[in-house]
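*Asks:* need a structure here:
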Amino acid sequence: MKVVKIKMMEEGSGRTRQKHVRRTYGFLIALLLIVIWILVIWSMSTQSSQQQDIQPWLHKWSQKLHIGFTLPDVQFTYGEYEYSLKQRPYDFAEFVFRKSAHLFVYAVLAVLVYGGLRYRRTSLVTSIVSALAVVFVIASIDEYIQQFSPDRTSSIRDVGVDLLGGCFGIAIYAGLQSMIRRIRKGKRTSIRSE
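*Replies:* Prediction:
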């Protein structure tokens, strides 16, 4: 009887050790992905506005697309620039594209940090706060780098957009995780009841 208990304890500690090693490797992979993603963000920061300009592509694409209606008169001011869909549709489209890219890029960064911390069993609040803190720091450095890029401007508003992207990313990721857990739990419950 004692021999069986000792063997079971040894097997249990082996599984625990194996789980710990797996979590460590998973966390290291998450860290590597975070570093790579930050380098991608910063490499985009060093590009000039001409390198990132999508208006030539928009002009070429719009010639193939025949819009059979007039564009609505949507206007707003962001910083010191005015954007108008009706008067300058290409500027408007490029602005929407750039801000959407900000949201996406920082949503991915927040998810990588949040997911890596949750994988290490860090508390929910600590994971969220840490992920958003990383987004804030990296976005601030990103805006600082943009000051030195030709024809680029930096704006504290963009840091706010980036934080919003981080919040959206975490919310979507956490929501998807919750849905997956419910689906799996439902499948287990239905299997047991059969």
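
*Asks:* Let me have stretch 16-34 in CSV, keeping just the CA atoms, if that works.
*Replies:* Taking Å, rounded to 0.1, in the frame of the first residue of the first chain, the C-alpha atoms of stretch 16-34 are listed here in CSV:
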residue,chain,number,x,y,z
THR,A,16,3.8,19.0,-11.8
ARG,A,17,7.4,19.5,-12.9
GLN,A,18,6.4,18.9,-16.5
LYS,A,19,3.6,21.4,-16.3
HIS,A,20,5.9,24.0,-14.8
VAL,A,21,8.4,23.4,-17.6
ARG,A,22,5.7,23.7,-20.2
ARG,A,23,4.4,27.0,-18.6
THR,A,24,8.0,28.4,-18.5
TYR,A,25,8.5,27.6,-22.2
GLY,A,26,5.1,29.0,-23.1
PHE,A,27,5.9,32.2,-21.2
LEU,A,28,9.3,32.5,-22.9
ILE,A,29,7.7,32.1,-26.3
ALA,A,30,5.1,34.8,-25.4
LEU,A,31,8.0,37.1,-24.4
LEU,A,32,9.8,36.4,-27.7
LEU,A,33,6.6,37.2,-29.6
ILE,A,34,6.2,40.4,-27.6
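
*Asks:* for that stretch, the distance to its chain's centre please.
*Replies:* Its chain's C-alpha centre and that of stretch 16-34 lie 20 Å apart, by C-alpha atoms, centre = their mean, to the nearest Å.

*Asks:* Just the residues contacting it, thanks.
*Replies:* 109, 112-113, 115-116, 119-121, 134 (C-beta atoms under 8 Å, 6 or more residues apart in numbering). Yep, even glycine has a C-beta here, placed from its N, CA and C like the rest.

*Asks:* Report how many residues lie close to residue 80.
*Replies:* 7 (other C-beta atoms under 10 Å).

*Asks:* what's the answer for residue 34, then?
*Replies:* Count around residue 34 with other C-beta under 10 Å applied: 19.

*Asks:* Residue 16 too?
*Replies:* Residue 16, neighbours per other C-beta under 10 Å, totals 10.

*Asks:* what residues are up against residue 169?
*Replies:* 106-111, 114.

*Asks:* ok, which stretches of the chain are strands?
*Replies:* For the chain, applying DSSP state E gives strands covering 75-78, 81-84.

*Asks:* Return the most buried member of those strands.
*Replies:* strand 81-84 (a mean of 14; mean count of other C-beta atoms under 10 Å).

*Asks:* in the protein, which spans are helices?
*Replies:* With DSSP state H applied, the chain shows helices at 2-45, 49-52, 55-64, 89-119, 124-146, 156-193, listed in chain order.

*Asks:* gap between residue 47 and residue 96?
*Replies:* Relative to residue 96, residue 47 is positioned 19 Å away (C-beta to C-beta, to the nearest Å).

*Asks:* If anything else comes up later, I'll come back, but that's it for now.
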